[in-house]
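J.: A structural model of the following input is requested.
(one chain, ligands or ions: 1)
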Amino acid sequence: MNFAFTERALTLQQRLTDFMQQHIVPRLAAWQTEVEAGHYPVSFMQDLKNLAKAEGLWNLFLPDLKENEPGTRLSNLEYAPLAEIMGAVPWAAEVFNCNAPDTGNMELLHLFASAEQRQQWLVPLLNGDIRSAFAMTEPDVCSSDATNIQTLIQKDADDYVINGRKWFITNASHPNCQLFIVMGKTDPNAEVHQQQSMILVPANTAGIEIVRNIKVMNHLSPEGHNEVVFRNVRVPAANLLGKEGSGFALAQARLGPGRIHHCMRSIGAAELALKLMTERAIERKAFKQQLYQHGVISQWIAQSRMEIEQARLLVLKAAWMIDQYGAKAAAKEIAMIKAIVPSMQEKVIDRAIQCFGAMGLSPDTPLADLWVNARALRLADGPDQVHLRSIARMEIKHAKEHLGQSSAYLVQRKI
Ligand SMILES: Cc1cc2nc3c(=O)[nH]c(=O)nc-3n(C[C@H](O)[C@H](O)[C@H](O)COP(=O)(O)OP(=O)(O)OC[C@H]3O[C@@H](n4cnc5c(N)ncnc54)[C@H](O)[C@@H]3O)c2cc1C
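T.: Here you go, the predicted model:
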């Protein structure tokens, strides 16, 4: 394994850090004020996007962009620390066109779209001209098992007709969300992993009802985590993404790199929380000692540093493995980081909140928002337990294939 960053990667890290400090951090309060006043997207978002694009800090997440597609071609390992830098501010990734769920959708289109679909949807997404949503989760079934999905995508002459109810669909409130990638069943009688398909649904198609923007832990995201009903929604058959019955495989492909991007940003959020906690512990005094001089708080600082470093190394390993051997070969590492990193982020931010006292729960620090993101991420893109299940299955499969190898280490005592 080689995690050493190239000269190019180090230069990009510095440029991105400078961009964050010059253009994003000074606008944190303005972003909050505008969003609370109902102005979304905020007035300065497009200017920031133009600036990021002009500076070559654009579409940093896609390693294999085609020649005419805008962006900087980086490996996952090169992208990891950049996503980490963005992760300190929840809305920053959009400035660089690197935000979920658009990134995952662009990856899907990049891998599986036809030439016409690429032109119609991928090009404007890569240019940052439109936003998109990914609609898989349903209120009526355990959606962490994608085979449960009930939405129907039924063939009717030259069209498909979609019927179903989805929820927690991120971006669906974004005024510029123009595309839903919908997962549903084209053949409920096929083999269990061949029943699903994905289809591209323009957001202005008749029959789509945005029921509500669901609050996440009482926090309303302006881009939305929406409940959406698809009622006799009719689109041309050419809108199918990939082949009929390939939806489950496409979902697996989409979630691999997407999960690693989330984790990279989580490390950035945890790193910021640790820095805030440490500075606060140096500045504030209780019971005649600075906070850091209280053993328990210095332990929180030490534990947080160790946990962040552990998590970062595993994320870098996962990124390196995807680069070297592909997402499939890195399946265990991806599952491990998805189970470890959001929990680590939650724990570190929780300590920082405690160290800040009541202020930690207020909007005067970013901690409360970052904590909510961490908590949500333990469910979004698969609950922790599902990733643990996958890791255990891989371990057990490996052990069964090598059964007996470790038994030589057993000490057989004969009396
Ligand atoms: C902020 C946010 C944004 C989201 N954005 C999107 C989006 O854009 N598009 C989209 O389609 N979905 C989105 N989701 C939904 C998310 O992907 C689902 O919530 C997740 O996949 C879990 O599905 P579920 O809620 O149906 O939970 P269920 O499948 O009902 O699972 C409930 C619980 O059962 C337990 N469980 C499940 N399987 C196992 C197992 N094998 N072993 C042990 N325990 C198990 C786990 O504790 C799990 O949390 C988002 C969610 C959140 C919170």
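J.: now do the strands in the stretch 251-400 of the chain.
T.: Per DSSP state E, counting those that start in this stretch, the stretch 251-400 of the chain carries strands over the ranges 285-286, 289-290.
J.: could you dump these into JSON lines and include distance to Ser246 and mean pLDDT?
T.: From N, CA and C alone the C-beta is placed, and that goes for glycine too. Shown next, in JSON lines, are those (distance: least, CB to CB, whole Å; pLDDT from 0 to 100):
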{"stretch": "strand 285-286", "distance to Ser246": "59", "mean pLDDT": "97"}
{"stretch": "strand 289-290", "distance to Ser246": "59", "mean pLDDT": "98"}
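J.: pick the most deeply packed of the ones you listed.
T.: Most buried of these by mean neighbour count (mean count of other CB atoms under 10 Å) is strand 289-290; its value is a mean of 12.
J.: run me through the strand neighbours of that strand, direction for each.
T.: Strand 289-290 has the following strand partners under DSSP bridges: strand 285-286 (antiparallel).
J.: just the pLDDT for Ile415.
T.: According to the prediction, Ile415 has pLDDT 67.
J.: out of the strands of the stretch 251-400 of the chain, nearest to the ligand?
T.: Set against the ligand and scored by CB to the nearest ligand atom, these come closest in strand 285-286, at 35.4 Å.
J.: so what touches that closest one?
T.: 291, 294 (CB atoms under 8 Å, 6 or more residues apart in numbering).
J.: which parts of the chain are helices?
T.: Listed in chain order, the helices of the chain (DSSP state H) span 7-19, 28-36, 45-54, 76-86, 92-95, 102-112, 115-117, 123-126, 247-283, 295-325, 331-356, 367-377, 384-401.
J.: how far is the fourth one from where the chain is centred?
T.: Average the C-alpha atoms of helix 76-86, do the same for its chain, and the two points are 13 Å apart (CA atoms, centre = their mean, to the nearest Å).
J.: go on, stretch 195-212?
T.: Centroid separation for stretch 195-212 versus its chain: 21 Å, with CA atoms, centre = their mean.
J.: now the terminal residues of that stretch, how far apart.
T.: 29 Å (CA to CA, to the nearest Å).
J.: is any part of it close to the ligand?
T.: No: figure legend: stretch 195-212 not in contact with the ligand (CB under 6 Å from any ligand atom); closest approach 11.3 Å.
J.: just the buried residues of that stretch, please?
T.: 195-201, 203, 208 (16 or more other CB atoms under 10 Å).
J.: quick one on the thing from earlier: export the strands of the stretch 251-400 of the chain to TSV and tack on distance to the ligand?
T.: Formatted as TSV, the strands of the stretch 251-400 of the chain follow (distance: least, CB to the nearest ligand atom, whole Å):
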stretch	distance to the ligand
strand 285-286	35
strand 289-290	37
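J.: before we move on, the earlier item: got CSV for the helices of the chain, with distance to the ligand, mean pLDDT and mean neighbour count too?
T.: As requested, the helices of the chain are arranged in CSV below (distance: least, CB to the nearest ligand atom, whole Å; pLDDT from 0 to 100; neighbours: other CB atoms under 10 Å):
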stretch, distance to the ligand, mean pLDDT, mean neighbour count
helix 7-19, 25, 96, 15
helix 28-36, 17, 96, 14
helix 45-54, 20, 97, 16
helix 76-86, 18, 95, 25
helix 92-95, 14, 98, 25
helix 102-112, 9, 94, 22
helix 115-117, 20, 97, 11
helix 123-126, 15, 96, 19
helix 247-283, 9, 92, 22
helix 295-325, 20, 96, 18
helix 331-356, 11, 97, 23
helix 367-377, 4, 97, 22
helix 384-401, 3, 97, 13
